[in-house]
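Peer 1: next one to model:
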Amino acid sequence: MGRLFGTDGARGIANTELTCELAMNIGKAAAMVLTKDGGNHPKILIGKDTRLSSDMLEGALAAGLCSVGADVTLLGVVPTPAVAYLIKKYHADAGIMISASHNPFEFNGIKIFSGEGFKLPDALEEQIEAIVLDNTQPYQTPEGSALGSVSIAENATEDYIYHVIETVPCKLDGMKIAIDCSNGSASRTAQALFTRLGAECHMLFDTPNGININDNCGSTHLENLQRYVMENDVELGVAFDGDADRFLAVDDNGEVVDGDFIMAICAMDLLSRDQLSKNAVVGTVMSNMGFGKFCEENKIKFVSADVGDRYVLEAMRKEGYNFGGEQSGHVIFLDYATTGDGQLTAAQLLSIVHKRKTKLSYITKLMKHYPQVLVNVKVTPEGKEKYASDEEIKAKIESVKTELGDSGRILVRLSGTEPLVRVMLEGLDKEQITKLANETADLIRNRLS
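Peer 2: Have a look, this model is predicted:
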């Protein structure tokens, strides 16, 4: 993990950690690194989510880019995957999304995409970091007509919606669905998208005001959506995070359908249509044990990558796989998109449910979900640095592994986007793994907080 960039871009509290000056310099450095052969006036797209600070950071990034000679096209409020898609459609050299994904509104972030629409590999992010933090080369200072300009893409959301509709194999005529937009980017696209696909849409949390993004709503806070599905005449619910690159569902019984279930359902559909490349799916070390067993039972190769959709994508591209994702709801259909796309994934899942003329709760029976407990421990920046070398924590993890044996597992890792250590346990006995997870989390809290 870099000094500026984590697993999903640069992120921090807006205006204190992620300042205008830093955003401006990241824009300058990104243009210099990504457009070395782009000639005069390379074209850079900028999209944003609905956070109060997004306008401020958009202005800073645009100023930085123009100051080194890049032309900027503003997409406005769009989902992150819209930026990735529109880069190629608009013949741009790179794209930037301003978002902190599922984090609270006071955070913001900068995600950078290459001219091919992919998130940057570590090596390119390190080059940008070196320019910003180490002054490895001076910022370009063009003058006169060599300065960049700013324009607005009036049809960005419409072009993205049309693209997603084109990927769906059947219409959703007659479906009644609840949609939780997390007061984020999906607020600008979801109702139009799913209505055009034929669904009757019951909209929740689609009135962003700058500070209510992810506030007890969206894919990380599903309680309100679960309640709505149970109390109203809808078939299921769908929920997105702040920038709509991830998606989770709620079935007709009000049960959460996480990314592992979504991937299992979509993988079987792709397999049945002979569209699952090399009969393989890329997941992560966080994927449920049940998903691995599902793959084994259906003769699907399961490939495990590090946590983070960028690492899932790297594994997919390296081996020529076309489908992968994470339990958190980042799902990548590489035939249609270059990054995780929550609305595209939701549309694929809904089309499967509609096509099979059954309930989502019935379809999820294709996979057994093993009990899993996740405890997030907030730690200090110093504690985060000390984690890897703490002998007491190492000893505790080994002790838990011994106690679980072959009936479960423990995975402890640093968050790539937040000041957290995540403790995940999985096994057959929910009471046992809950106890062990809390013991491990308490030790980490005492040692590193």
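
Peer 1: any idea how far the residue of the chain positioned farthest from its centre is from Gly64?
Peer 2: Distance from the C-alpha centroid of the chain, by CA atoms, centre = their mean, peaks at Gly144 (39.8 Å). For Gly144, the distance to Gly64 (CB to CB, to the nearest Å) stands at 18 Å. Where C-beta positions appear, they are placed from N, C-alpha and C, glycine not excepted.

Peer 1: got the domain ranges for this protein?
Peer 2: The chain resolves into domains spanning 5-154, 159-366, 372-448 when parsed by automatic domain parsing.

Peer 1: mind putting those in a markdown table, mean pLDDT included?
Peer 2: As requested, the domains of the chain are exported to a markdown table (pLDDT from 0 to 100):
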| stretch | mean pLDDT |
| --- | --- |
| domain 5-154 | 93 |
| domain 159-366 | 96 |
| domain 372-448 | 90 |
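
Peer 1: show me where the stretch 51-200 of the chain has strands.
Peer 2: With strands called from DSSP state E, counting those that start in this stretch, the stretch 51-200 of the chain shows them at 71-77, 94-98, 107-113, 150-152, 176-180, 200-204.

Peer 1: could you dump those strands to a markdown table with mean neighbour count and distance to Ala30?
Peer 2: Below are those laid out as a markdown table (neighbours: other CB atoms under 10 Å; distance: least, CB to CB, whole Å):
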| stretch | mean neighbour count | distance to Ala30 |
| --- | --- | --- |
| strand 71-77 | 21 | 12 |
| strand 94-98 | 28 | 7 |
| strand 107-113 | 26 | 5 |
| strand 150-152 | 12 | 16 |
| strand 176-180 | 23 | 32 |
| strand 200-204 | 18 | 35 |
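
Peer 1: any chance of JSON lines for the ones you listed, columns distance to Ser272?
Peer 2: Formatted as JSON lines, the strands of the stretch 51-200 of the chain follow (distance: least, CB to CB, whole Å):
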{"stretch": "strand 71-77", "distance to Ser272": "36"}
{"stretch": "strand 94-98", "distance to Ser272": "34"}
{"stretch": "strand 107-113", "distance to Ser272": "32"}
{"stretch": "strand 150-152", "distance to Ser272": "43"}
{"stretch": "strand 176-180", "distance to Ser272": "23"}
{"stretch": "strand 200-204", "distance to Ser272": "28"}
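
Peer 1: do you know which of those strands lies nearest Gly290?
Peer 2: Closest approach to Gly290 among the strands of the stretch 51-200 of the chain (CB to CB): strand 176-180, 25.2 Å.

Peer 1: so how far is the closest one off the chain centroid?
Peer 2: 20 Å (CA atoms, centre = their mean, to the nearest Å).

Peer 1: check stretch 35-50 too.
Peer 2: That offset, for stretch 35-50, works out to 22 Å (CA atoms, centre = their mean).

Peer 1: can you check stretch 142-152 too?
Peer 2: Counting by CA atoms, centre = their mean, stretch 142-152 comes out at 32 Å from the chain centroid.

Peer 1: going forward can the numbers begin at 659, since that is how I track them
Peer 2: Taking 659 as the first residue, the last one we looked at is stretch 800-810.

Peer 1: and the contacts of it?
Peer 2: 698-699, 720, 723-732, 734 (CB atoms under 8 Å, 6 or more residues apart in numbering).

Peer 1: kindly indicate which of these lies nearest Glu679.
Peer 2: Ser725 (12.4 Å).

Peer 1: which helix or which strand is home to the nearest residue to the closest one once chain neighbours are set aside?
Peer 2: With sequence-adjacent residues excluded and distances taken as CB to CB, 6 or more residues apart in numbering, Ser725 is closest to Lys686, at 6.4 Å. Assigned by DSSP states H and E, Lys686 falls within helix 678-692.

Peer 1: so which elements touch that helix?
Peer 2: strand 701-706, helix 712-725, strand 752-756, strand 765-771, helix 780-792 (3 or more CB pairs under 8 Å, 6 or more residues apart in numbering; DSSP states H and E).

Peer 1: reformat the ones you listed as a markdown table; add distance to Val940.
Peer 2: Putting these into a markdown table (distance: least, CB to CB, whole Å) gives the following:
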| stretch | distance to Val940 |
| --- | --- |
| strand 701-706 | 26 |
| helix 712-725 | 31 |
| strand 752-756 | 23 |
| strand 765-771 | 20 |
| helix 780-792 | 18 |
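
Peer 1: all helices of the stretch 759-908 of the chain, in order?
Peer 2: Per DSSP state H, counting those that start in this stretch, the stretch 759-908 of the chain carries helices over the ranges 780-792, 814-825, 848-854, 881-889.

Peer 1: for Ser757, see how far away the closest residue to Met833 other than its chain neighbours is.
Peer 2: With CB to CB, 6+ apart as the measure, Ala857 is the residue that lies nearest to Met833, at 4.4 Å, once sequence neighbours are left out. In this view, Ala857 and Ser757 are 26 Å apart by CB to CB.

Peer 1: now do Gly664
Peer 2: Distance from Gly664 to Ser757, by CB to CB: 13 Å.

Peer 1: could you do Gln795 as well?
Peer 2: In terms of CB to CB, Gln795 sits 28 Å off from Ser757.

Peer 1: ok, these two, which is more surrounded?
Peer 2: Ser757 (34 against 12; other CB atoms under 10 Å).

Peer 1: hang on, the earlier thing: can you tell which of the helices of the stretch 759-908 of the chain is closest to Leu1072?
Peer 2: helix 780-792 (15.6 Å).

Peer 1: name the residues that touch that closest one?
Peer 2: 660-663, 680, 683-684, 686-688, 690-692, 770, 772, 778, 794-795, 797.

Peer 1: stretch 1082-1098 now?
Peer 2: 944, 946-947, 1028-1033, 1051, 1054-1055, 1058, 1061-1062, 1065-1071, 1081.

Peer 1: just the CA atoms of that stretch, as PDB, please.
Peer 2: Extracted C-alpha coordinates of stretch 1082-1098, given in PDB (Å, rounded to 0.1, in the frame of the first residue of the first chain):
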ATOM      1  CA  MET A1082     -12.900 -12.200  10.200                       C
ATOM      2  CA  LEU A1083     -13.700 -15.700  11.500                       C
ATOM      3  CA  GLU A1084     -15.600 -18.400   9.700                       C
ATOM      4  CA  GLY A1085     -16.700 -21.800  10.800                       C
ATOM      5  CA  LEU A1086     -19.500 -24.200  11.600                       C
ATOM      6  CA  ASP A1087     -20.200 -23.000  15.100                       C
ATOM      7  CA  LYS A1088     -21.500 -19.400  15.200                       C
ATOM      8  CA  GLU A1089     -21.100 -19.100  18.900                       C
ATOM      9  CA  GLN A1090     -17.500 -20.300  18.900                       C
ATOM     10  CA  ILE A1091     -16.300 -18.000  16.100                       C
ATOM     11  CA  THR A1092     -18.100 -15.000  17.600                       C
ATOM     12  CA  LYS A1093     -16.300 -15.600  20.900                       C
ATOM     13  CA  LEU A1094     -12.900 -16.000  19.200                       C
ATOM     14  CA  ALA A1095     -13.500 -12.900  17.000                       C
ATOM     15  CA  ASN A1096     -14.300 -10.700  20.000                       C
ATOM     16  CA  GLU A1097     -11.300 -12.000  21.900                       C
ATOM     17  CA  THR A1098      -9.000 -11.300  19.000                       C
END
